[in-house]
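In: need coordinates for the below:
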Amino acid sequence: MRSSLGLTERHLFSVSDTIRKKQRSLQMATVRSKGNKATELKLASILRSAGIKGWRRHQPLPGRPDFIFREARLAIFVDGCFWHGCRWHCRMPKTRLGFWYPKIARNRKRDRSVGIMLRRRGWRVIRLWEHSLSNPLRTVSLLQTALDSSLRNG
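Out: Numbers count the residues shown, from 1 in each chain. Below is the predicted model of the structure:
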């Protein structure tokens, strides 16, 4: 069942916060949009280990993809499970639901519109979940397949 925000029942499960409000605020302030160790830096490490070359970061494209392969016209986004509403791992806080549900819904809506915009400009878009990076072999296989098909067809 989906709520009016497009979130499933799994998103309705929430966990209580175990730290004080001030501590949580300080912790959340350290979350960066670039260079996040759990997402971007992890994928960069996976790409280096696999010997995959030709990628760039922080390029001026709509939606600011985390990685691009310009020659293959491939844009890669690594979405954090919480911030982008992963149906398996997003656990909403118990407080300020009036803020968090719309926030996650806006992020998901923006993700869709950015994907459409990039595809219209001739880019292929891959969105990886943060949790998928825990299986580097699968991640490399997915990206290598996308790169191979882009270069064959391009």
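
In: where does pLDDT dip in the chain?
Out: Scanning the chain for pLDDT under 70 picks out 1-17, 24-25, 28-37, 151-152, 154.

In: cutoff 80 now
Out: Low-confidence segments of the chain (pLDDT under 80): 1-22, 24-38, 83-86, 88-90, 92-93, 150-154.

In: can you tell me which helix in this structure is longest?
Out: When the chain is parsed with DSSP state H, its longest helix is helix 97-120.

In: what's the first helix or strand after the particular helix or strand that has residue 44 in it?
Out: According to DSSP states H and E, residue 44 maps onto helix 40-50. The first helix or strand that comes after helix 40-50 along the chain, using DSSP H and E, is strand 55-56.

In: what's that next one packed up against?
Out: strand 67-69 (3 or more C-beta pairs under 8 Å, 6 or more residues apart in numbering; DSSP states H and E). For every residue, glycine as well, the C-beta is placed using N, CA and C.

In: burial of residue 120, as a residue count?
Out: Burial of residue 120 is recorded as 9 neighbouring residues (other C-beta atoms under 10 Å).

In: same thing with the one 10 residues further on?
Out: As a burial measure, residue 130 scores 20 neighbours (other C-beta under 10 Å).
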